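Q: coords below, sequence missing:
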């Protein structure tokens, strides 16, 4: 049982490049989330998907897009990376929006 | 608007001590609160989830309480060990999404 998996683990981008962060869960959870974690700012919600077929903005959605590909997979896309998007990105899932949250190992992204 | 605050930001204790980590929240309509542990360079691990109908939850040496009326939750760690060293975060829901505190960085010295 892998839980929540994320790829890649590390990534370096130049300003203006695009990339997609992948997330998958094998716990049959309905809800999935993308957070970013920055020193001094804590964990902030970027986007979430309460159930398959729906997505909603979190606290800091600007510069990002998401796709809930199916019940298992939830991807985060940076269309034109900026240095301010240098961060550690975590994907998480839960059975429902009030349930226990399970996190992936994170993707460390640097934008130069 | 739900805001979550954790005090202290950092705590250092000798091995064997019992300790309490504090979490306060502004929205008394909270319906659950979660505690997580994060080791350096790692993801978050869920420790305990307390529903609003419960007053506390226990898992091994960990005990978490929830007092909605005062807007506080505490995480009690009994007989601390060096392996407990990590950052502990609490999180409460706002419109179905979890809002995190900044965390308490715990160091347990042998």
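A: All right, it came through fine. None of these values were measured; they are calculated from a predicted model. Numbering: from 1, shown residues only, chains lettered A, B, ... in the order given.
Q: can we go C-alpha only for contacts and neighbour counts from here?
A: Noted.
Q: neighbouring strands - and their directions - for the lowest-mean-pLDDT helix or strand in chain B?
A: Here the helix or strand of chain B ranked lowest by mean pLDDT, DSSP states H and E is strand B:97-100, holding a mean of 82. When pairs are called by DSSP bridges, strand B:97-100 turns out to pair with strand B:86-94 (antiparallel).
Q: tell me the gap between stretch A:80-90 and the middle of its chain.
A: Relative to the chain's own centre, stretch A:80-90 is displaced by 11 Å; criterion: CA atoms, centre = their mean, to the nearest Å.
Q: got a list of what residue 70 touches?
A: In the absence of a named chain, chain A is used. The neighbours of residue A:70, taking CA atoms under 8 Å, 6 or more residues apart in numbering or on different chains as the test, are A:52, A:53.
Q: nope, chain B please
A: With contact taken as CA under 8 Å, 6+ apart, residue B:70 is in contact with residue B:28.
Q: and for residue B:8?
A: B:21, B:22, B:104.
Q: let's see it at 10 Å
A: B:20, B:21, B:22, B:23, B:102, B:103, B:104, B:105, B:106 (CA atoms under 10 Å, 6 or more residues apart in numbering or on different chains).
Q: which one of the residues you listed sits in the busiest neighbourhood?
A: Greatest neighbour count in those, by other CA atoms under 10 Å in any protein chain shown, goes to residue B:103: 28 neighbours.
Q: mind pulling up the pLDDT for that one?
A: At residue B:103, the model reports a pLDDT of 94.
Q: leaving out sequence neighbours, find the closest residue to it.
A: residue B:89 (4.3 Å; CA to CA, 6 or more residues apart in numbering or on different chains).
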